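*Asks:* Give me coordinates for this.
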Amino acid sequence: MNLRKNLISGFSVSLLALPLCLGIAVASHFPPIAGIITAIVGGLIASFLGSSPYTIKGPAAGMIVVVLAAVMELGYEKTLAVGAVAAVLQIAIALCRQATVAEKIPGSVIHGMLTAVGLIIVIKQIYVLMGVHHIKVSIPQLFLNLPYALTQMNPLIFLLGCIALLVNVTWNKVALSRYIPATLLTLVGIIVVTAYFGFNHDFVYEFAGKIYMVSAEDYIDLPTHVLSAIRFPDFSDVLSFTSLKHIFIFTLIGATESLLTVCAVNSIKSDQPPSDLNKDLRSLGIANLVSSLIGGMPMISEIVRTRANIDYGATSGLSNFIHGLLLLFVVLLFPDVMDYTALTVLAAILIVVGLRLGSPREFMDHYQQGWAVFAPFIITVGVTLYKDLLSGVACGLIMHMGIQLITLRYKRI
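*Replies:* You can find the predicted model right below:
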């Protein structure tokens, strides 16, 4: 075990994780602190339960749509109950040694799901970037309403968001990006600017003959004491159809995304013994159970932070533990500083993440592989955008199975 390498990696990943955890929680309609609590639990608990030694456990952009849908239908406390039951099911799947089932889901459907999630993140966060509080309508309606939303944007908030977006898009071309993540740079930058100009206090300004307001609602609000952020699940409605539907989605999507990350790590670290998928899912389920019982979000083995962890030289699960420990220190020692973080900056960070998930390249790559791959992919994307994630995945799987049956029949002929 190389302590120095794991310290460097854990520290670096924590810098990357902090703004992402805040942004993912806000986008999921969870309290901002819940995102950090989740990463802390993932770091301090999952690290020593037999999980993949290189994976970073925490909230993920790919789960935003899943969690948000549950919160919108059930509320925060009942969504915690959904997360707790889903965690127990993940543990049960692992104990029955059925984690490899996730590998059997067609790649075209998984990529379609993630692409749709990325596009949903982008569309929703554009409104936050502009300082426009959109109404609760469907994704197609949000997209069609964008021209009107542009006329309602708050110029100062939009300017801050665009600067943050520009930094996050271009910073990786600078040599220092190896040591200072773009997410951290934008976070520190907005904290300094907000503290200097006092933007997080209500004030009114005039621009182009119109009056605009910036208020505390445009900034996150962390509790002074982390213990006061603890919330407990409400299991009163856990057997309802709505809850059972979300339990199934949490279990399926969370396990699949996480196990795909572990498979990717096994491929990257091919010189090391492959991680046991069942052990990793068991540790994930236990960490998810603890997180849900104290007010945290569902977590997975997150691919972006995991890849960064490997690139920074991690050699064991100690780096994940250090990353969680450092985030705990942040919320214990500097909660007031985090209150200077503008939601528009977090939106900019998530837009970049969403564009990576929903990249146009995904459409081209799947199209070039032929209709047998492209059809399930595009069906999954389209139905998810039009209706919801569960419907999209179901339609994608049906399309994939239909194509396989037709192909098999023609081969026999």
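*Asks:* In the protein, what helix or strand scores lowest on average pLDDT?
*Replies:* helix 335-338 (a mean of 84; mean pLDDT, DSSP states H and E).
*Asks:* After that helix, which helix or strand is next?
*Replies:* Counting by DSSP states H and E, the next helix or strand C-terminal to helix 335-338 is helix 343-357.
*Asks:* still on that earlier bit, what's the spacing between the least confident helix or strand of the chain and its chain's center?
*Replies:* 22 Å (CA atoms, centre = their mean, to the nearest Å).
*Asks:* Repeat that for stretch 286-298.
*Replies:* 15 Å.
*Asks:* and if you look at stretch 292-302?
*Replies:* With CA atoms, centre = their mean, you get 11 Å for stretch 292-302.
*Asks:* Can you check the distance spanned by that stretch, start to finish?
*Replies:* Distance between the two ends of stretch 292-302: 18 Å, counting by CA to CA, to the nearest Å.
*Asks:* avg pLDDT for that stretch?
*Replies:* The average pLDDT within stretch 292-302 is 94.
*Asks:* do stretch 246-259 as well
*Replies:* Here the average pLDDT along stretch 246-259 is 91.
*Asks:* Going along the chain, name the helices of the stretch 101-250 of the chain.
*Replies:* 107-130, 139-144, 146-151, 155-170, 182-197, 241-268 (DSSP state H, counting those that start in this stretch).
*Asks:* Mind checking those for the one nearest to Asn288?
*Replies:* helix 241-268 (7.2 Å; CB to CB). For every residue, glycine as well, the C-beta is placed using N, CA and C.
*Asks:* count of residues packed around Gly382?
*Replies:* 15 (other CB atoms under 10 Å).
*Asks:* can you count the residues close to the closest residue to Leu355 other than its chain neighbours?
*Replies:* Among residues not flanking Leu355 along the chain, Val122 sits closest, at 6.1 Å (CB to CB, 6 or more residues apart in numbering). For Val122, the count of nearby residues is 20 (other CB under 10 Å).
*Asks:* can I assume Val122 is in contact with Ser359?
*Replies:* No - the criterion here is CB atoms under 8 Å, and Val122 misses it with Ser359 at 10.6 Å.
*Asks:* What average pLDDT does stretch 223-231 get?
*Replies:* 83.
*Asks:* for the least confident helix or strand of the chain, which positions count as buried?
*Replies:* 335, 338 (16 or more other CB atoms under 10 Å).
*Asks:* just stretch 351-358 next, same as before
*Replies:* 351-355, 357-358.
*Asks:* measure the residue nearest to Leu355 to Leu142 for me?
*Replies:* 10 Å (CB to CB, to the nearest Å).
*Asks:* shared neighbours of the two, anything?
*Replies:* Residues touching both Val122 and Leu142 (CB atoms under 8 Å, 6 or more residues apart in numbering): there are none.
*Asks:* In the stretch 151-300 of the chain, where is pLDDT below threshold?
*Replies:* Applying pLDDT under 70 to the stretch 151-300 of the chain flags no residue at all.
*Asks:* Count the neighbours of Tyr312 for me.
*Replies:* Tyr312, neighbours per other CB under 10 Å, totals 19.
*Asks:* ok, and what's touching the least confident helix or strand of the chain?
*Replies:* 22, 32, 191, 220, 222-226, 330-331.
*Asks:* now could you export just the CA positions of it as CSV?
*Replies:* Taking C-alpha atoms only, helix 335-338 is exported to CSV below (Å, rounded to 0.1, in the frame of the first residue of the first chain):
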residue,chain,number,x,y,z
PRO,A,335,-20.0,25.1,6.0
ASP,A,336,-20.4,28.8,5.9
VAL,A,337,-17.9,29.2,3.0
MET,A,338,-19.9,26.8,0.9
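*Asks:* so the nearest residue to Val265 once chain neighbours are set aside is in which element?
*Replies:* Distances taken as CB to CB, 6+ apart put Tyr54 closest to Val265, at 5.2 Å, once the chain neighbours are dropped. Under the criterion of DSSP H and E, Tyr54 resides outside all helices and strands.
*Asks:* Next up, the contacts around Tyr54.
*Replies:* Contacts of Tyr54 by CB under 8 Å, 6+ apart are 265, 269, 306, 309-310, 314, 317, 319.
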